[in-house]
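S.K.: Predicted model and sequence below, questions to follow.
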Amino acid sequence: MLNGTHAMTPNQPALFVPHGAPTFALRPGAAGAALATLARTLAAPRAIVIVSPHWDTDVATVGFAERPETIHDFWGFPDELYALRYPATGCREAAEEVVAALAAAGLPVERDAQRGLDHGAWVPLRLMFPDGDVPVIPLSLQSRGGPAHALHVGRALAPLAARGFLVIGSGNITHNLGDYRTAAFAGGQTPAYVREFSEWIAATLAAGDTEALLDYRRQAAGAIRAHPSEEHLLPLLVAVGAGGTDARAERVHAGIDDYVIAMDAYAFSPAAGGRP
């Protein structure tokens, strides 16, 4: 799927990428290298639509800023992290197409003329598109809607892939900051659930079992511990939906950073016979 022939068509896959801890921007490691490699396999997108768990609203909201600021929405990290900037630009025309796609799917939608890019957006984008030469349209998450709503949002965005839009859900396959603190204090042991939940997600996506994915909190062992709150996993459902009907999943990276943060990345595209 992700090879040189991909550049012959404007169609884009949908992606789920990790953003890790904010220090991922300073120490990208294997996950960062995988994201950079993934970006190089893609045809140049017309625009990027990115959903981050760090912009969470009651109603789907599309960012219209001409030059989205780099938001440093974290505290207590090294000074060099706060000096980083991502030179993003927006695109009003592309943002209006995102609004129209959401509205056509029956979703209420709002516009935000000022919203910048939080670290869930700019950290992976800086690794993938360091020159900031692709317009970025931030789209808010609605975590109160749960997995079914996130999937609906993704399916609403799926037709944009044929118009050169790259839809990216940014989050993490596991995200328990309490367990991070415990692991760091105890010498860096990774709890078993981190790998177990990551592998359950991988197997469920490979099987195309969307119903199980929607019901992950009941069906996956360790799900509640992996996500005490589920906002960091919901962008995965957006990406699954944006990949199109019967999306085929490709796991493009698997790994663990900071003891408990699974940094898996996925690409999704319609299976043969599926619809965008």
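M.R.: Noted; the coordinates are in hand. Numbering: from 1, shown residues only.

S.K.: roughly how far out does stretch 241-255 sit from the chain middle?
M.R.: Here stretch 241-255 is found 11 Å from its chain centre; the criterion is Cα atoms, centre = their mean, to the nearest Å.

S.K.: what do you get for stretch 145-162?
M.R.: Going by Cα atoms, centre = their mean, where stretch 145-162 is centred and where its chain is centred differ by 12 Å.

S.K.: buried stuff in it?
M.R.: 145, 147, 149-161 (16 or more other Cβ atoms under 10 Å). (Each C-beta comes from the backbone N, C-alpha and C, glycine too.)

S.K.: partner strands of the strand of greatest length in the chain, parallel or antiparallel?
M.R.: Across the chain, the longest stretch assigned as strand under DSSP state E is strand 47-56. Using DSSP bridges, the strands paired with strand 47-56 are strand 136-141 (parallel), strand 165-171 (parallel).

S.K.: where do the helices sit along this protein?
M.R.: For the chain, helices defined by DSSP state H occupy the ranges 29-40, 79-82, 92-104, 119-128, 146-157, 177-185, 192-206, 210-214, 216-219, 223-226, 234-242.

S.K.: Same list (these) but as JSON lines, adding distance to residue 270 and mean pLDDT.
M.R.: What follows is the helices of the chain, written out as JSON lines (distance: least, Cβ to Cβ, whole Å; pLDDT from 0 to 100):
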{"stretch": "helix 29-40", "distance to residue 270": "18", "mean pLDDT": "98"}
{"stretch": "helix 79-82", "distance to residue 270": "38", "mean pLDDT": "98"}
{"stretch": "helix 92-104", "distance to residue 270": "16", "mean pLDDT": "98"}
{"stretch": "helix 119-128", "distance to residue 270": "22", "mean pLDDT": "98"}
{"stretch": "helix 146-157", "distance to residue 270": "12", "mean pLDDT": "98"}
{"stretch": "helix 177-185", "distance to residue 270": "35", "mean pLDDT": "88"}
{"stretch": "helix 192-206", "distance to residue 270": "14", "mean pLDDT": "97"}
{"stretch": "helix 210-214", "distance to residue 270": "13", "mean pLDDT": "97"}
{"stretch": "helix 216-219", "distance to residue 270": "22", "mean pLDDT": "98"}
{"stretch": "helix 223-226", "distance to residue 270": "27", "mean pLDDT": "98"}
{"stretch": "helix 234-242", "distance to residue 270": "10", "mean pLDDT": "98"}
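
S.K.: Save those as TSV, and put in distance to residue 56 too.
M.R.: Shown next, in TSV, are the helices of the chain (distance: least, Cβ to Cβ, whole Å):
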stretch	distance to residue 56
helix 29-40	23
helix 79-82	22
helix 92-104	16
helix 119-128	10
helix 146-157	11
helix 177-185	16
helix 192-206	21
helix 210-214	19
helix 216-219	18
helix 223-226	19
helix 234-242	9
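
S.K.: closest to residue 252 out of the ones you listed?
M.R.: Of all the helices of the chain, it is helix 29-40 that lies closest to residue 252, at 5.4 Å by Cβ to Cβ.

S.K.: that older thread, of the helices of the chain, which is nearest residue 71?
M.R.: That would be helix 119-128 among the helices of the chain, by Cβ to Cβ, at 7.1 Å.

S.K.: Measure how the closest one sits relative to strand 136-141, angle-wise.
M.R.: For helix 119-128 against strand 136-141, the angle between stretch directions is 150 degrees (axes from the mean of the first three to the mean of the last three Cα atoms, to 10 degrees).

S.K.: got the CA positions of helix 119-128 in PDB?
M.R.: Extracted in PDB, the C-alpha atoms of helix 119-128 (Å, rounded to 0.1, in the frame of the first residue of the first chain):
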ATOM      1  CA  HIS A 119       1.200  19.200  21.100                       C
ATOM      2  CA  GLY A 120      -0.900  16.300  20.000                       C
ATOM      3  CA  ALA A 121      -0.900  17.900  16.600                       C
ATOM      4  CA  TRP A 122       2.400  19.700  16.100                       C
ATOM      5  CA  VAL A 123       4.700  17.100  17.600                       C
ATOM      6  CA  PRO A 124       3.900  14.400  15.100                       C
ATOM      7  CA  LEU A 125       3.500  16.800  12.200                       C
ATOM      8  CA  ARG A 126       6.900  18.400  12.900                       C
ATOM      9  CA  LEU A 127       8.400  14.900  12.600                       C
ATOM     10  CA  MET A 128       6.400  14.000   9.500                       C
END
